[in-house]
Every structure is written in C-alpha cells, then in structure tokens.
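**Student:** give me a model of this one.
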Amino acid sequence: MRKILSMISTAALACGALVLGACVAQRQTPPATALSAEAIGLSEATRPADWWPAANWWSTYDDPQLTGLIEAAQRGSPSMRLVEARVRISEAARRATNAARFPSAELNAEVLRQHLSENYIYPPPLGGSVITDARGAIDFSYEFDLWGRVKAATAAADLDVAASAAERDLAHLILAVAVSRSYFSLQRAFEERNIARDTLDQREQLVSLLNSRVKRGLDDHADLESQKALLAEARRVLSAATQSITEIEHQLAQLTARDPGAFADLQPQPVDRSVREDLPTAIPADLLGRRADIVSMRLRAEAAARNIDAARADFYPNVNLTAFVGLQSISTSEFFEGGSRMFGAGPALHLPIFQRRQLYAQLDAREAQYDMAVEQYNLTVLFAVREVADYSSALSSLNEQRRAAEEGLAAQQRAYDLGLVRFKRGLDSFLPVITAQQSLLSQRRAVVDLRDRELQNSLQLIRALGGGYITSGTGTTRLTGTP
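**Tutor:** Numbering: from 1, shown residues only. You can find the predicted model right below:
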C-alpha cells in the first residue's frame, strides 16, 4: 500500500511540474525580425561567379612581394593567433556542452579514519571506537533530455563555433586588406618622393637662373628670395616624403610581426593592372552569404534562439538516472572481501516548483539577448549594403577622375616638351620651361593621388564584398521567425 501511495505521490508531483512547465510566460513584446533582402533593396538576380572577389584576390595583382607580405602576416600576426584562440575556446565550450548528452562515470575512492561518538547512533562497543571507513566505487549518472534542453544548448554551442570561425575568416580578410593598403601606400610614397626630388631639382635650377639674372640686373632680389623660400619648402617636402616611407615600412613590420627595419630595402612594384570597371549596378542578395560579419551575426542570433529553447525547457522536470557499484567496509582488511560489495541505482526528479521568478527572469533575458542579436544583424546588414554602394559609386567616380587627370598629364607633358624645344632653339627663355615643368609636376601629383585613391577604394570594395568568403550554409532559417 505504501508503495502505491509513493507512486501516486510521485506521479502527482510530475503532473504538477508538467502543468507548471506548460504555463511558461509568453513574450510581452514581439520578437525582433531580421531585415529581408527586398526591404533593403538587394537584388535577387545572380551575378557571374567571377564578379565576386576570389579567396586569394591579392594574387590578381601579380606581385610576389605583396603575396609574401600577406602570407607572412597571416602566419605570424598576433591578431591571427588571437582569433584562433577564440575559436578554440568556442570549440571547447561546445565539447563541454555536448558531453551532457552522454552518460558520465567517475571513479571515487576514499579512506576515512574516524572516532565514533559514544552518544550517537552507534551503540558500544562500536560507539567510542576508532574505525576506518573505506569506500571505492564507480558512480554513474545520466540526464534524460526529455524536453530538449541539452539538445538546444548543444545546437547553440555549434552555432557559436560556426560564428567564431566566420569571425576568424573576417580577421584574415581585414589583415590582408590592411597589408595591401600599406603596401600600395608605400608605392605612392615612393612616387611622391620621386616627384619631390624632381621639384627640388626644378627649384634649384630656377634659383640658379634667377641668381644669374639678378647679377646682370635683369631681375630684383625680391624674386630671388621668393624662389629661395620655395626651394627650402621643396627640401622640406622631400624630407617629409622620406619620413613617410619609413613610417609605412614600420607599419608593414607591425602587421607582419617583423623587425621595424626589415623592409628598408623593399621596393613596391607599380600596379600595371587596371581596377575592374564591371561595378555592380544593383547589389545582389548573395551579399548576405558572402560577408563573414553578416554570417557571424546571423549565427549568433540563431544561437540566441536556441538558448531560448533551452530556457523554456528549464520549466519542465529534470529526470536523472544515478547508479553506483563498488566496495565499502569499516575495515581495510575486509575491503576486498565479497561481503563488502555494494551497488545501487535509481531515478532523481528535479521539480522547479518554487523557482518561477528566477526561471521567468532567465527566459526574459534570453529573449532580450535574441532581440539584441537580431538587431545587431540588421545593423550589420545595413552597414554592409551602404559600404558596397558607397565604394562602388566612389570607385566609378575616381575612375573617371583618374582618366581625366591622365589626359591632363599627357597634355601637360606635351606642353613641357614643346617649351623645351623652343628654349633649345633660342625662341624662348628658360622661364616658360620652368613654369611648364611646375605645372607638369603638379599634374603628376594629382595623377598619383587619384591612382592611389582608386586603388585603395578598390581594396575597400573587395573587403565590402566579402573578400572571397562563402558561407557553408551553417544555420537555419529560424532567424526570420518567432523564437
């Protein structure tokens, strides 16, 4: 009869827990919703595969020096080892979470020497004596995942690992772009130093010419002193250009974890590859799967949704099976005898009856974390779309500006050549030649600036388009629905 009453009581408690679990609080606010591709104007039309940057996009510049710098940075940069460590942390957390799906067993052994009280439950002669309590057993436990809590937590951990891997790929891309930008900035700095040297030569020639004219009374000292001031400024510009080269070399050394003087002899090759002009007229929806930051944010949001499932499962009873087998005795001399063996097994039921406030607060926090993750995803998507649109339009404009500047440079070169011919034939003085040379140097600076801006912008567009990253499809469509 007692056994029947015990079973009835247990059943009643289980039913009460199920009723409690069924009364999980509903959300007070609607869940956040991810932006759809249509809502932000992304096109569903597919583009040729070669329109997207390749995974090794830097090889298209056909510059072994640049390739070597990027590979060295990705091997030796502390930032790369940092993101790799973060991935390992996520993988370790996943293994720990996944371990809850399997039975656990541990070997426990202890020997306790103790004096038993004469005024306790043990009568004399046991009471008041000194005994040795020896126990050695294998303890087993297993949680029945009846409501899917462990399954949801494991799924969230899997998604966190995938998100960390996407963030690692993003870090690789950011580093490769940073090295490329520094390398091309170094190339520009060399060209600016060459222009500064030519400007200094031109200023020295002009000062020499004016000095001779002043001596002959053809010009006054004011013009000469003015040109001497310009000559001093040309020397300053040349020194600044040289310092700029040194600073960029140090920047490359930092990115590649090398000695600051490791690139003193580096000579960047001019890029003889024109920036691609088949720019997107509409941004494809594929962008959402080709940017590692968007994929990472999506996976984080989906992991947050799984954590909500785990929090809901906490409202239901938790059933564990425990068991043990081993030896126990109050004397070490009898420990290994057959009579010392012991074993047992039984279920354990955890009923969250008086934890409603705590469980509801935990569920509310998980739902808020999901909303934050979705809105972070939305912000990332909007920023990505803006980046592609900005860099595409800027690159198109810079392409036109650079073409016009190159045409102007060609015309200025012809004007200088004609002026030099007239001077050599005695038809003009040297002053028009120097004036034409000044304009030519100024135009060269403009072309160098526009070429560098166009090149730097193309690198930013490569990064904005994902830099060759392609998602493996990890995750589900849960993001767009209600958690």
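
**Student:** would you map the helices across the stretch 251-400 of the chain?
**Tutor:** Taking DSSP state H, counting those that start in this stretch, the helices of the stretch 251-400 of the chain run over residues 287-290, 292-313, 356-424.

**Student:** among those helices, which comes closest to Phe343?
**Tutor:** Closest approach to Phe343 among the helices of the stretch 251-400 of the chain (Cβ to Cβ): helix 292-313, 31.6 Å. In short, each C-beta sits where N, CA and C put it, glycine included.

**Student:** centre of the chain versus the closest one, how much separation?
**Tutor:** Offset of helix 292-313 from its chain centre (Cα atoms, centre = their mean, to the nearest Å): 17 Å.

**Student:** and the one helix or strand Arg236 maps to, what's buried?
**Tutor:** Taking DSSP states H and E as the criterion, Arg236 maps to helix 221-255. Under the neighbour-count criterion of 16 or more other Cβ atoms under 10 Å, helix 221-255 has 224, 227-228, 231, 234, 237-238, 241, 244-245, 248-253, 255 buried.

**Student:** who are the packing partners of it?
**Tutor:** Contacts defined by 3 or more Cβ pairs under 8 Å, 6 or more residues apart in numbering; DSSP states H and E place helix 221-255 against helix 64-76, helix 149-215.

**Student:** next, format the ones you listed as TSV and append mean pLDDT and mean neighbour count.
**Tutor:** Shown next, in TSV, are those (pLDDT from 0 to 100; neighbours: other Cβ atoms under 10 Å):
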stretch	mean pLDDT	mean neighbour count
helix 64-76	92	16
helix 149-215	90	20
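
**Student:** any chance of those in TSV, plus distance to Gln438?
**Tutor:** Formatted as TSV, those follow (distance: least, Cβ to Cβ, whole Å):
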stretch	distance to Gln438
helix 64-76	34
helix 149-215	7
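
**Student:** ok, Pro347 touching Asn320?
**Tutor:** Yes - judged on Cβ atoms under 8 Å, Pro347 makes contact with Asn320 at a distance of 6.9 Å.

**Student:** shaky segments in the chain?
**Tutor:** Along the chain, the model assigns pLDDT under 70 to residues 1-28, 44-51, 218-220, 223, 272-280, 423-424, 426, 429-430, 472-483.

**Student:** most packed of the helices of the stretch 251-400 of the chain?
**Tutor:** Among these, the stretch with the highest mean neighbour count (mean count of other Cβ atoms under 10 Å) is helix 292-313, at a mean of 24.

**Student:** same for that one, what does it pack against?
**Tutor:** helix 149-215, helix 287-290, helix 356-424.

**Student:** next up, the contacts around the closest residue to Glu204 other than its chain neighbours.
**Tutor:** Of all residues not flanking Glu204 in the chain, Leu231 sits nearest, at 6.4 Å (Cβ to Cβ, 6 or more residues apart in numbering). Taking Cβ atoms under 8 Å, 6 or more residues apart in numbering as the contact definition, Leu231 lies against Leu200, Arg203, Glu204, Leu206, Val207.

**Student:** swap in 10 Å and give it another go.
**Tutor:** Thr199, Leu200, Gln202, Arg203, Glu204, Leu206, Val207 (Cβ atoms under 10 Å, 6 or more residues apart in numbering).

**Student:** please apply the same query to Leu455.
**Tutor:** 61, 180-181, 184-185, 187-188, 271, 273, 275, 395, 398, 402.

**Student:** distance to Ala313 added to those residues, as CSV?
**Tutor:** Shown next, in CSV, are those (distance: Cβ to Cβ, whole Å):
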residue, distance to Ala313
Tyr61, 53
Ser180, 48
Arg181, 49
Phe184, 54
Ser185, 54
Gln187, 59
Arg188, 59
Val271, 57
Arg273, 57
Val275, 54
Leu395, 51
Leu398, 55
Arg402, 61
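
**Student:** out of those residues, who's nearest Thr281?
**Tutor:** Leu395 (13.0 Å).

**Student:** so what's that closest one closest to, chain neighbours aside?
**Tutor:** Nearest non-adjacent residue to Leu395, counting by Cβ to Cβ, 6+ apart: Asn457, 4.9 Å away.
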